[in-house]
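S.K.: Make a model of this:
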Amino acid sequence: MRKSIKLTFMCLILLYGTTSLAQKITGNVANDRGEVLIGVSITANPSGKGTVTNSEGKYSLDLPAGTYKISFSGIPFITLEENVTLVGASEITLDVSLKEKTDRLEDVVIVGSRSLPRSSANSPLPVDNFDAKSLKTTGQITFDKALQYRVPSFNTVNTPVNDATTLLDPYEIRNLGPSRTLVLINGKRKNLSSLLYVQFSPGRGETGADLSAIPTDAIKRVEILRDGASAQYGSDAIAGVMNVILKDKFEYSSLTINSGVTSKGDGETYGLSFNSGANFGSKGFINYTVDFSQQNNAVRSGIIDVPTEIATFGDPSQPVTAPVNKAIVDYLKIYPTGNNTNGTGEITAAKFNYNLGIPLGNSGQFYSNGAYVGKKAISNANYRVPYWRQDFGLLHPAGTTYIGYQPTFEGDLIDYNATVGLKNEKNGWKHDVSFTIGGNQQLYTVANTVNASLGAASPTSFKPGGFRFTNVIGNYDVSKSVTENFSVGFGSEIRSETYKIIGGDTSSYTGEGANSFPGIRQENASTNSRFNFGAYVDASLDITKDFLINGTVRGEKYSDFGNAFVWKISSRYKIAGDKLVIRGSASTGFRAPTLHQIYAQSNQASFAGGTIVLSGLFNNRSKQAFALGIPLLKPEKSNNYTVGFGLNPNKNLSFTLDFYSITIKERIVYSSSITTEDRKLANPVTELGRILKGSSTGAGNFDLASVQFFINGIKTRTEGLDLVANYKNISLGAGKLGINLAGNYTLKNEIIGSPNDPPAVKAGGTTILSTQVKSLLTEGRPKYKAVMGMDYRIKKFSVNLNNTLFGPTKFQDLDNGGSLMNNVKQVFKAAVVTDLNLGYDFTDKINFSVTVNNIFNVLPKWKLELTGSASDPNYAAAAATLNNPADKSLLEGFLAFSGRYRILGYNGSQFSQLGTIFQASLNFRF
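M.R.: This is a model prediction of the structure:
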């Protein structure tokens, strides 16, 4: 009877509100099952004063006399508002019950369709959803690294050779590179980075948005559509779409202080983040975040292998006592690591982000969001030991022993984006018009080094130039539910992009250029732009209450290569209500070549045999590329297919499994280095040799030592399985346990057929796709990856335990000019990384948490394996090398620069080399 009376009272509150006389309000907040709710925001308007429920679901709010609207809100519940008038000094108790949204925030699919959003239970497409809390419990200090330990199909890792990649690391979804995942901020396209990855690591030859620039405290949730979406969003969405939703309605201010260190006592991190805002009017809000962070370098240098070092810098045909070899041996006895300090760089960052919404009338809204990030990165190049490089007396004091020098690389990055827009609804038609700008600039400094071509006249600090990318975007989107069963959407996008290559100072590129990072030659500096227009139509039809079909068509026109037309159709069928959903999709897609890939040019000049010889990257529109018969770049085209099912036996248990197949035709690749020995002859025999020599008809007046370029070179097919399972609200003692499992398994990641070698290249006996490049594309990311997590909450304590299984990766690298590596692979073993997060609520406003990443100090491990067939010409030699301990050790040394990169090699592994990391975070709410 007592429970019935309380329930009736709470229902009356929900319907009518309450008016009470008091100056203090206390109470409990629970869900409709009577379970206490932690962290629910309670706000009193118009004062803006607020609090949150503690670990027992209780709250207390002190207010001066007056009339207030008390708001109770929290994900994923319907906001409840109560009218309260406070008079006198008494205290009242106001218990409330919040109902869950039927289209809960963590399930809302914005990226799946351009008509009206649907919940994931009804969606025909696979979507991952994460809130900010789940990202924070990873203990990772940047958004991209947090995704690494939450999304199985997402991969990123610090590259072993840093320089410009210290500013941001390559990432990818489904092994398809960073340029094939479209990143949105509140549904609007985010600008690309200006950096083109050129290191021999996964992501080579591509670019992507700077995910590390997005402060985690500004994020409300993240949606990742694991399906091609070119028809809905245009270029870059072949692998999927990532939509970052920013915090909107102000609930409370928060100040977060964090710090961390590796188990070796280096790589210290420090962070300070402040999130706040205000609400105004009935639906107006502003939410902003200021974030400062510092990450010191962590050193993971290996012990140098003397035989490999002698083979690289000395003369292996002579005894170790020979002067050329003795200098190496003697130096490494004193400095066994060669004074190398490779590992991770030092990064300082300041980030600002805001999200604004102003209601206009009953159904309109003016909205805006923006971000500005400043970042400085400092990394160390390989130490120039004295038997490798001389400093001409410029980098060590006169009269002291010369022990070498270590060049430093400094990168200064600015990344920004901003959107303003208007939303309105009239007669059921929802209109959204917006204007977006974005940009990324990187400028570089190389210090503590010399340009050997200038000798003693060389500077010791250089400005090698940099890059800038900007875009301006206009969007207009319209949608309407025409009937209960049919909705339609259509819209357009206009986009202008500009890519600028900034030349370096003359001394940075003269001759061989600044040692460790030569500058950009002034003749390679340029500014290039393009314009495109796109339009789409999207329709969704519920044929029955269980059977949905959705279709989209899109057309695009680019100023630099022409037109593109793509389509998509998706469907789902529900069985037994929402308990079983069968879904699938088929689509075509495209990816326009980035301006970076079209215009980037970075080459060096040297003086040899009385003539100037060039080598490096030549852009697709250069006379050198024309002479080699390399066609202009055109869009990649894709065919995407997905089929899967979702199982929801009850509201606490869910399971999804999806198969995907992505075929990309005319895939753009950054070629191998193209050269031939007969170019050195007075009269080269091959056409390739004559072109490189400059003596071929129409070849132009130049000599080329080697060339690299971008080309629509291959056709690839990627297939795999995605699994996601969740079981929550498991009663365990006095608390609740949640278990989640997510996994990705790559069934196929292959190159179909032969590469599109230009005739001169093919006739010259070489190819655009070396063994090394093939391996990066097909084996450079984990074969499989799984994340199993458990979270447990009991009163004021919380525990999050995550195990991430990284499958094997493989690389086939280059040896000393031979082809031995065609039959030898560097294989990184599968490994499990365990992370533990412990949290404690001192009060409802103060929380402290400790995270131990990689508790068991698991490090990447690799070995050499024989591959191929016994009939291969180099198989016997490869087998003999691996069976000979000395030869095998020598080869391992070559793959790790004589052991300097013993943990990772030159290409990088599946996960971090830093080992155990301790992180602590203190959060204040007010």
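S.K.: Following the chain past whichever strand or helix holds residue 572, name the next helix or strand.
M.R.: Using DSSP states H and E, the element containing residue 572 is strand 562-575. Downstream of strand 562-575, the next assigned helix or strand under DSSP H and E is strand 580-591.
S.K.: chain center to that following strand: distance?
M.R.: In terms of C-alpha atoms, centre = their mean, to the nearest Å, the centre of strand 580-591 is found 23 Å from the chain centre.
S.K.: Same question for the longest strand anywhere in the chain: list its buried residues.
M.R.: The longest strand of the chain (DSSP state E) is strand 710-732. Residues 710-720, 722-727 are the ones in strand 710-732 that count as buried (16 or more other C-beta atoms under 10 Å). Bear in mind the C-beta positions are built from the backbone N, C-alpha and C, glycine included.
S.K.: swap in stretch 464-476?
M.R.: Buried, per 16+ other C-beta under 10 Å, within stretch 464-476: 464, 465, 466, 467, 468, 469, 470, 471, 472, 473, 475.
S.K.: Make TSV from those residues and add secondary structure and pLDDT to it.
M.R.: Converted to TSV, these look like this (DSSP: H, G, I helix; E, B strand; the rest coil; pLDDT from 0 to 100):
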residue	secondary structure	pLDDT
464	strand	95
465	strand	96
466	strand	96
467	strand	96
468	strand	97
469	strand	98
470	strand	98
471	strand	97
472	strand	98
473	strand	98
475	strand	97
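S.K.: how many neighbours does residue 871 have?
M.R.: 6 (other C-beta atoms under 10 Å).
S.K.: Quick check: next helix or strand after the longest strand of the chain?
M.R.: That would be, after strand 710-732 and using DSSP H and E, strand 735-752.
S.K.: Tell me, what's the model's pLDDT at residue 700?
M.R.: Note for residue 700: predicted pLDDT of 53.
S.K.: next one: the one 4 residues further on
M.R.: The confidence metric pLDDT takes the value 80 at residue 704.
S.K.: a helix runs through it, doesn't it?
M.R.: No - counting by DSSP: H, G, I helix; E, B strand; the rest coil, residue 704 falls outside a helix, being strand.
S.K.: Contact partners for it?
M.R.: 613, 614, 615, 624, 675, 679, 691, 692, 693, 694 (C-beta atoms under 8 Å, 6 or more residues apart in numbering).
S.K.: Could you measure from it over to residue 196?
M.R.: From residue 704 across to residue 196, the span is 21 Å (C-beta to C-beta, to the nearest Å).
S.K.: tell me how far the longest strand of the chain is from the chain's mean position?
M.R.: 15 Å.
S.K.: Would you mind listing where the stretch 751-900 of the chain has pLDDT under the threshold?
M.R.: Residues of the stretch 751-900 of the chain meeting the criterion pLDDT under 70: 814-820.
S.K.: which residue ranges form the strands in the stretch 301-450 of the chain?
M.R.: 343-344, 346-360, 364-380, 408-426, 429-447 (DSSP state E, counting those that start in this stretch).
S.K.: Just the angle for the third one relative to strand 429-447, thanks.
M.R.: Spelled out, that is strand 364-380. 20 degrees (axes from the mean of the first three to the mean of the last three C-alpha atoms, to 10 degrees).
S.K.: Against which helices or strands is strand 364-380 packed?
M.R.: strand 346-360, strand 408-426 (3 or more C-beta pairs under 8 Å, 6 or more residues apart in numbering; DSSP states H and E).
S.K.: one more time with 10 Å
M.R.: strand 181-185, strand 240-246, strand 284-295, strand 343-344, strand 346-360, strand 408-426, strand 429-447 (3 or more C-beta pairs under 10 Å, 6 or more residues apart in numbering; DSSP states H and E).
S.K.: Mean pLDDT, distance to residue 400 and mean neighbour count added to these, as JSON lines?
M.R.: Formatted as JSON lines, these follow (pLDDT from 0 to 100; distance: least, C-beta to C-beta, whole Å; neighbours: other C-beta atoms under 10 Å):
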{"stretch": "strand 181-185", "mean pLDDT": "95", "distance to residue 400": "51", "mean neighbour count": "24"}
{"stretch": "strand 240-246", "mean pLDDT": "94", "distance to residue 400": "53", "mean neighbour count": "24"}
{"stretch": "strand 284-295", "mean pLDDT": "96", "distance to residue 400": "33", "mean neighbour count": "19"}
{"stretch": "strand 343-344", "mean pLDDT": "88", "distance to residue 400": "27", "mean neighbour count": "24"}
{"stretch": "strand 346-360", "mean pLDDT": "96", "distance to residue 400": "27", "mean neighbour count": "19"}
{"stretch": "strand 408-426", "mean pLDDT": "95", "distance to residue 400": "20", "mean neighbour count": "19"}
{"stretch": "strand 429-447", "mean pLDDT": "96", "distance to residue 400": "20", "mean neighbour count": "20"}
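S.K.: Which one of those lies nearest to residue 799?
M.R.: Nearest of the helices and strands packed on strand 364-380 to residue 799, taken as C-beta to C-beta: strand 284-295 at 25.9 Å.
S.K.: What pairs with the next helix or strand after that closest one, parallel or antiparallel?
M.R.: Later in the chain than strand 284-295, the nearest helix or strand by DSSP H and E is strand 298-299. Take DSSP bridges as the rule and strand 298-299 pairs in its sheet with strand 343-344 (antiparallel).
S.K.: do you know which of the strands of the stretch 301-450 of the chain lies nearest residue 291?
M.R.: That would be, of the strands of the stretch 301-450 of the chain and by C-beta to C-beta, strand 346-360, which comes in at 4.2 Å.
S.K.: how about the strand holding residue 572: buried residues?
M.R.: Buried-residue list, strand 562-575, by 16+ other C-beta under 10 Å: 564, 566, 567, 568, 570, 571, 572, 573, 574.
S.K.: Residue 175 is in contact with residue 783, isn't it?
M.R.: Yes - applying C-beta atoms under 10 Å, one finds residue 175 in contact with residue 783, separated by 9.5 Å.
S.K.: When these two are compared, which one has more neighbours?
M.R.: residue 175 (24 against 19).
S.K.: Next up, the contacts around the more buried one.
M.R.: 153, 155, 202, 239, 662, 716, 718, 720, 744, 746, 749, 777-783 (C-beta atoms under 10 Å, 6 or more residues apart in numbering).
S.K.: Pull up the pairing partners for the helix or strand hosting residue 279, direction included.
M.R.: Element membership for residue 279 (DSSP H and E) is strand 269-280. According to DSSP bridges, strand 269-280 has the following sheet partners: strand 254-262 (antiparallel), strand 284-295 (antiparallel).
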